[in-house]
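[1] Sequence and predicted model, in that order:
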Amino acid sequence: MSNALENLLTEDRVFVPSPDFAKTANAQPGIYEQAEEDWAGYWMNQALKRVSWFEEPQSALDDANPPFYKWFTGGRLNLSYNCLDRHLEKAADKVAYHWIGEPGDKRTITYRDLHRQVGQFANALKALGLKKGDTAALYMGMVPELPVAMLACARLGVVHSAVFGGFSSDALADRINDARSTVVITQDFAWRAGKEVALKANADIALERTPSVRNVVVLRRTGSPVAMQEGRDLWWDEAIAGQPDTCEPEQLDSEDPLYILYTSGTTGKPKGIVHTQAGYLTQVLTTHSQVFDLKPDTDIYWCAADIGWVTGHSYIVYGPLGNGATSLIYEGAPNFPDFDRLWQIIEEYKVNILYTAPTAIRSFMKWGDEYPQKHDLSSLRLLGSVGEPINPEAWMWYHRVIGGERCPVVDTWWQTETGAIMISPLPGITKTKPGSATRPLPGLSADVVDEDGNSVPLGGGGFLVLDRPWPSMARTIYGDPDRFEATYWSRFPGRYFPGDGAKRDTDGYFWLLGRVDDIMLVAGHNISTTEVESALVSHPSVAEAAVVGRKDEVTGQAIAAFVTLRGNVTGDDALLKELRDHVAATIGPIAKPKSIVFTPDLPKTRSGKIMRRLLRDISENRQLGDVTTLANESVVEDIAAMATAQTTED
Ligand code: WT7
């Protein structure tokens, strides 16, 4: 970036927490200032208050060897103990998970049930020879046995490496090999949109080139037949048969590894992000309580992410169970059997807290208001968003149509690498602005800097940096500490660079502007994709938009837009012109897209992020790059065909 990032979009709407919400909120005013007086001490207090220790830590932060920070050294603990055992005395019969299978089957799992299942499965893993420090790969769908397997690993000090069930056998094999997993835990098939996803068969292909794997444990989910390899594969039921349902938790060191989770970033070999025990648990428990305002005795909490992503690790498994919450897990697709599945579930279970992603919210907008409107959503009291910048108009839709204008919306910025939420409103304190993640949470710190690392004054844009260590930070990239240092800590020495652009408004609120790799350079201006996309989404006909910079002889890059329309709107030349004028009027003529293509769908990663790289390839008529991490492969071909058919230059 030659200049700091342009600040084009202004947003004047402000939402103040209601007095009722504010009065009973878990996080109360004063907390930021208190934490700031001694931020390491603040985290130490959280650790002592929220975590049950076998041995308490001696110090908060060990910064002797940056960027390889340590937290809560000297402590001994077990996360499965913190998620299960410690609740048994008071809350054994409390529901930990309401589970809803896609075909409609249901299970209710109490803390007592979960404790037994985890104990039994931990004993099964022990019987397979797994011990502290070994790694197990988990390749599963959204079944209760996935958290059971994670917690069984955590109980033994076995490092889990979950691989999202939508990944291919190649992706699985690479991740198994990189982590040298010795056991794979999977299931016969997973249900997704009425179809059976062949997890075991995919795993079998991967297993042809994963020499480290000794055993495969297979959960029977759909019951359709699968091949089992004698001596290597065993059914979950066989593995637990005869195993006692109690298992002593290992007393682990604060800095023993808990899990590896791979993140691909935009390019290159996936990075095995390593999280450890105590710092991770401390920040996950703190944020889960503060940001979602969780009231464990009364709330029904639903994080609708996949457990195979970090959002699920932190906010379906470790956070909610550690805090003794009652959560919901839904196995399948949001549009199965119809577009109202989520809303039907919220009505049926009287869900109070919903956490989902902008990609999902924009799909709901596209499908139409009639689906949520068919259901009573009045139990909801708080809404969360994560995964991408949320366009102000999507935020408004979420607030109005889902939240009935009653629920605070928390837009939470974080990453696989940060382990827990970093920048987010606190719902009883923070005035929210649609599209802004607001401010770093208490005890945390961030800045926006120019390319030389100088802080950009309020009102300007640049690179987001985290300028202080935090408890749930990634400790390294598995097997590659040099890459960890080079990727995150070398661009601005001493500070963590997450790879995102951001601006701050005059109130100091942070507005995330997407990955810096996506920034467009148009006639000497650095323009973020997020702002142009949000301008497009603010038009009532638009549900979703992606923009990219494509080579242009005059301006260096020109903005190419791809637009998905809402409900029954059809795209024509008049609308094209209207949208281009709308962008010019909203954020300025410099940001007017040179071309717009209407498309029924956008290329997305399997976690739902728009893949602008492929749209750049299409816009510049290049051979398409790597599409293996794409969720919807056929869509790029369709868009490419449409892009040639409708070119809309002036
Ligand atoms: C990247 C991290 C965090 C769990 C899910 C994704 C983008 C995430 C926001 C947000 C703007 C966001 C960033 C970040 N991102 N949340 N609220 N506003 N952007 O984890 O796959 O590691 O992705 O997602 O670009 O760097 P991930």
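    On my side now, so go ahead.

[2] what's near enough to touch the spatially closest residue to Pro593 that is not a sequence neighbour?
    Spatially, and ignoring its direct neighbours in sequence, Pro593 is nearest to Ala561 (3.8 Å; CB to CB, 6 or more residues apart in numbering). Where you see a C-beta, it was placed from the backbone N, CA and C, and this is true even at glycine. Ala561 makes contact with Val532, Leu536, Ala545, Ala546, Val547, Leu579, Pro593, Ser595, Ile596, Val597, according to CB atoms under 8 Å, 6 or more residues apart in numbering.

[3] Now the buried members of these.
    In those, burial by neighbour count holds for Val532, Leu536, Ala545, Ala546, Val547, Leu579, Pro593, Ser595, Ile596, Val597, counting by 16 or more other CB atoms under 10 Å.

[4] Of those residues, which is the nearest to the ligand?
    Among the buried ones among the contacts of Ala561, Ala546 lies closest to the ligand (CB to the nearest ligand atom), at 14.2 Å.

[5] Check for me that the closest one belongs to a strand.
    Yes: according to DSSP: H, G, I helix; E, B strand; the rest coil, Ala546 belongs to a strand.

[6] can you pull up the bridge partners for it?
    Counting by DSSP bridges, Ala546 forms beta bridges with Phe562.

[7] now the one 4 residues further on
    Applying DSSP bridges to Arg550 yields these beta-bridge partners: Ala558.

[8] could you measure it against the ligand, distance?
    Arg550 sits 22 Å away from the ligand, going by CB to the nearest ligand atom, to the nearest Å.

[9] Repeat that for Gly165.
    From Gly165 to the ligand the distance is 16 Å (CB to the nearest ligand atom).

[10] Renumber starting at 25 from here on
    Will do, 25 is the new start, and the previous item becomes Gly189.

[11] Isn't that residue up against Gly165?
    Yes: between Gly189 and Gly165 there is a contact under CB atoms under 8 Å: 4.6 Å.

[12] ok, the residue of the stretch 525-674 of the chain at minimum distance from the ligand - contacts?
    Closest residue of the stretch 525-674 of the chain to the ligand, CB to the nearest ligand atom: Leu536 (3.5 Å). The contact partners of Leu536, taken as CB under 8 Å, 6+ apart, are Pro413, Trp437, Ile447, Ala461, Leu488, Asp524, Gly525, Ala526, Thr554.

[13] Show me the beta-bridge partners of the fifth one.
    For Leu488, the beta-bridge assignment (DSSP bridges) gives partners Val472.

[14] just to revisit the earlier point, let's see which of the contacts of Leu536 end up in strands.
    Leu488, Asp524, Gly525, Ala526 (DSSP state E).

[15] The residue lying closest to the last one once chain neighbours are set aside: neighbour count?
    Nearest residue to Ala526, sequence neighbours excluded (CB to CB, 6+ apart): Leu488, at 4.0 Å. Leu488 is flanked by 25 other residues according to other CB atoms under 10 Å.

[16] thought Leu488 was touching Phe534?
    Yes: if you go by CB under 8 Å, Leu488 and Phe534 touch, sitting 7.4 Å apart.

[17] okay, and the common contacts of the two?
    With CB under 8 Å, 6+ apart, Leu488 and Phe534 have common neighbours Ala470, Val472, Ala526.

[18] Look up how far the ligand lies from the residue nearest the centre of the chain.
    In the chain, the C-alpha nearest the mean C-alpha coordinate belongs to Thr335, at 3.9 Å (CA atoms, centre = their mean). As defined by CB to the nearest ligand atom, Thr335 lies at a distance of 4 Å from the ligand.

[19] which residues sit in contact with that residue?
    By CB under 8 Å, 6+ apart, the residues touching Thr335 are Cys327, Ala329, Tyr379, Val410, Gly411.

[20] cool, and Gln58?
    By CB under 8 Å, 6+ apart, the contact set of Gln58 is Tyr66, Pro466.

[21] now the strand or helix carrying it, how far from the centre of its chain.
    Assigned by DSSP states H and E, Gln58 belongs to helix 55-61. The chain centre lies 27 Å from the centre of helix 55-61; the measure is CA atoms, centre = their mean, to the nearest Å.

[22] Same question for stretch 362-373.
    Relative to its chain's centre, stretch 362-373 lies at 22 Å (CA atoms, centre = their mean).

[23] who touches that stretch?
    So stretch 362-373 is contacted by 122, 124, 324, 326, 328, 352, 354, 356-359, 375, 378, 388, 391-392, 395-396, 398-401, 403-404 (CB under 8 Å, 6+ apart).

[24] and Thr97, that's in a helix?
    No: going by three-state DSSP, the assignment for Thr97 is coil, not a helix.
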